[in-house]
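Peer 1: Show me how the following folds:
(one chain, ligands or ions: 1)
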Amino acid sequence: MSDPISGAKEHIDAARIAAARVDDIPADTPLLPVNRVGVIGAGTMGGGITMNFLTAGIPVTIVEMTQEALDRGVATMRKNYENTVKRGKMDAALAEAAMGRLTPTLDFGALAEADLIIEAVYENMDVKKEVFGRIDGIAKPGAILASNTSYLDVNEIAGATSRPEAVLGMHFFSPANVMKLLEVVRGAKTGKQQLATVMALSVKIGKVPVVSGVCHGFIGNRMLSPRQAQAHALIMEGANYWEVDEALLEFGFPMGPYQMSDLAGVDIGWHRDPNRIETLRDSLCAVGRWGQKTKKGFYDYDENRQRTPSEEVKTIIAEWAAREGKPQRTIGKDEIRERLLYPMVSEGALILEEGISQRASDIDTVWLNGYGWPAWTGGPMFWADHIGLDTVAAGLEKYGLPVAPLLARKAAAGETFNA
Ligand SMILES: NC(=O)c1ccc[n+]([C@@H]2O[C@H](COP(=O)([O-])OP(=O)(O)OC[C@H]3O[C@@H](n4cnc5c(N)ncnc54)[C@H](O)[C@@H]3O)[C@@H](O)[C@H]2O)c1
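Peer 2: Numbering: from 1, shown residues only. I've put the predicted structure just below:
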């Protein structure tokens, strides 16, 4: 890790303040009252989302499909509060009061009282549409309807209701009671008042909101995607997967892509058939390498969750590289870092040019608060400005990777993303 880039801290603070502002919405726009929140789904995200409001003093009605899922979700929230109290971070009486604001139920009709309803059910368009169609018939007039979807088209979800102006995305990050970032997804028809209300409410519950337009993965996950593609390409060309992780650790990230995969679960999204081997992930899952939860994923883990590189995984990767006919070579640290990070800057430039993000500094705020991008750099776009957009563009060209038009133009003109 390096010394902070000059002005990085000031940039981060200013960027965070700017992110809460929506350019075409006047600051004095009257906000809608939010005195009760409804949450649909008490899984990993629904529970964490609920805790934010309970802690902030706002009552929540949480709805599930089965009593078992509801009980499990409530028990997890209670446990989380108990642990916070044990660690001395919260007064026991406050934790008790927070849980007292929770109304768990299987009755969707109870959502009629909510001013804001947040959906956190399975990531499946048909399920989301069904749920939004149902809430449309229950929610009070004027209620805001939000989805916690990670990737899906918020406009299509809004289309399942008779009131698309009420619909927007509230993309929380896991664990949702801890992570600061909140991407607020503005649909084509989202009302200004609804958006302004959610931005203000997000700040009130201690989040760092950033507005994103509708696209696959919004700002954060969309930029993650080219990094993942390069992480995979690098190990197919001969880089060791732990070298890919090390490159990001050295840059200052808390973890690299393969550590992240082990933590989240290599088996996320896996088809669960050990005989169907179509990807590297299939090969790993078929031999029980599901990540930290099975004590082996890309790495082997001991009882203290310490990781060591695995010979078995190295062999599996080599077999895949051979099958795909990829020539092997030693790849240096600089190339690894540049191929992981430069494409993210280029994707950021596309996001900016398409108007998905309002300003370059919003992209920095997303990556600093949601994905562990190291603060010493001021964020991906500020960092790119610092090292020079011509350097980034030339680097991408050298590796045969696409250069976004905005990046190419600014590089040629000697300009920066952040004014
Ligand atoms: N897990 C993450 O890291 C993460 C991060 C950001 C966003 N998200 C998004 O959040 C959403 C939920 O993800 P999750 O990880 O919490 O999933 P999960 O499987 O842990 O929880 C989903 C819950 O929804 C319930 N459910 C499903 N259909 C329902 C219905 N019709 N009515 C009521 N309850 C219903 C299920 O019983 C389950 O408890 C997804 O859209 C996901 O993409 C997840």
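Peer 1: Wait, a helix at D364?
Peer 2: Yes. Assessed by DSSP: H, G, I helix; E, B strand; the rest coil, D364 belongs to a helix.
Peer 1: can you pull the contacts of the residue nearest to it when sequence neighbours are not counted?
Peer 2: In space, and not counting its chain neighbours, D364 is closest to G379: 2.4 Å by Cβ to Cβ, 6 or more residues apart in numbering. All C-beta spots, glycine's among them, are computed from the backbone N, C-alpha and C. Residues in contact with G379 (Cβ atoms under 8 Å, 6 or more residues apart in numbering) are H11, I12, A15, S361, I363, D364, T365, W367, L368, W373.
Peer 1: per-residue pLDDT, the last one?
Peer 2: Meaning W373. On pLDDT, W373 comes in at 98.
Peer 1: try the fifth one
Peer 2: Looking at I363, its pLDDT stands at 98.
Peer 1: So it is in contact with A349, correct?
Peer 2: No. Using Cβ atoms under 8 Å as the test, I363 is too far from A349 to be in contact (9.2 Å).
Peer 1: more crowded one of the two?
Peer 2: More neighbours surround I363 than the other of I363 and A349, with 33 against 27 (other Cβ atoms under 10 Å).
Peer 1: separation between the residue lying closest to the more buried one once chain neighbours are set aside and M255?
Peer 2: Nearest residue to I363 in three dimensions, chain neighbours excluded: G348, at 4.8 Å (Cβ to Cβ, 6+ apart). Per Cβ to Cβ, to the nearest Å, G348 is found 21 Å from M255.
Peer 1: So those two - more neighbours on which side?
Peer 2: Taking other Cβ under 10 Å, G348 and M255 do not tie; G348 has more neighbours (30 against 15).
Peer 1: Could you pull out the buried residues of the strand or helix carrying the more buried one?
Peer 2: Secondary structure from DSSP states H and E places G348 in helix 333-353. Of all the residues in helix 333-353, those buried under the rule 16 or more other Cβ atoms under 10 Å are 335-352.
Peer 1: Let me know how buried the closest residue to E165 other than its chain neighbours is, in neighbour terms.
Peer 2: Spatial nearest neighbour of E165, chain neighbours left out: G191 (3.9 Å); criterion: Cβ to Cβ, 6+ apart. The number of residues packed near G191 is 19, by other Cβ under 10 Å.
Peer 1: Same question for G388.
Peer 2: Counted by other Cβ under 10 Å, the residues lying close to G388 total 13.
Peer 1: ok so, going back, any idea how far the ligand is from the residue nearest to E165?
Peer 2: Here G191 is placed at a distance of 23 Å from the ligand (Cβ to the nearest ligand atom, to the nearest Å).
Peer 1: Was I right to think that residue contacts A166?
Peer 2: Yes. With contacts counted by Cβ under 8 Å, G191 reaches A166, the gap being 6.9 Å.
Peer 1: For the residue nearest to E165, give me the backbone phi and psi.
Peer 2: Phi and psi for G191, reported as degrees, to the nearest 10, are phi -70, psi 150.
Peer 1: quick one: it from R281, how far?
Peer 2: Separation of G191 from R281 (Cβ to Cβ) stands at 41 Å.
Peer 1: which residues touch V266?
Peer 2: Applying Cβ under 8 Å, 6+ apart to V266 gives the contacts R281, L284, C285, R289, W290, G291, G297, F298.
Peer 1: my guess is T103 is in a helix, correct?
Peer 2: No. Counting by three-state DSSP, T103 is not part of a helix but strand.
Peer 1: The ligand contacts on the chain?
Peer 2: 40-46, 63-65, 69, 120-123, 127, 131, 148-150, 172-174 (Cβ under 6 Å from any ligand atom).
Peer 1: related to what we said a few turns ago, mind checking how far the residue nearest to I363 is from V22?
Peer 2: Computed with Cβ to Cβ, the distance linking G348 and V22 is 20 Å.
Peer 1: Point out where this structure drops to low pLDDT.
Peer 2: 1 (pLDDT under 70).
Peer 1: Quick check: the residue of it nearest the ligand.
Peer 2: G43 (1.8 Å; Cβ to the nearest ligand atom).
Peer 1: Quick check: that residue touching M65?
Peer 2: No. Shown here, G43 and M65 do not form a contact pair, counting by Cβ under 8 Å, at 10.4 Å.
Peer 1: and E64, what does it touch?
Peer 2: With Cβ under 8 Å, 6+ apart, E64 has these contacts: G41, A42, L70, G73, P104, L106.
Peer 1: For R323, give its distance to N240.
Peer 2: Distance, R323 to N240, by Cβ to Cβ: 18 Å.
Peer 1: Would you mind telling me which of those two has the busier surroundings?
Peer 2: For R323 versus N240, the count of surrounding residues by other Cβ under 10 Å is larger for N240: 18 against 8.
Peer 1: Phi and psi next, for the more buried one.
Peer 2: Dihedral angles (degrees, to the nearest 10) for N240: phi -80, psi 140.
Peer 1: Which residue is the nearest non-sequential neighbour of the most centrally placed residue in the chain?
Peer 2: Nearest to the mean C-alpha position of the chain, by Cα atoms, centre = their mean, lies F173 at 5.1 Å. Sequence neighbours aside, M179 is the residue nearest to F173 in space, at 3.8 Å (criterion: Cβ to Cβ, 6+ apart).
Peer 1: Name the nearest residue to T55, ignoring sequence neighbours.
Peer 2: Nearest one to T55, counting by Cβ to Cβ, 6+ apart, is A98 at 5.3 Å.
Peer 1: so what does the helix or strand hosting that neighbour touch, helix or strand wise?
Peer 2: For A98, the host element (DSSP H and E) is helix 92-100. Judged by 3 or more Cβ pairs under 8 Å, 6 or more residues apart in numbering; DSSP states H and E, helix 92-100 is in contact with helix 44-55, helix 67-86.
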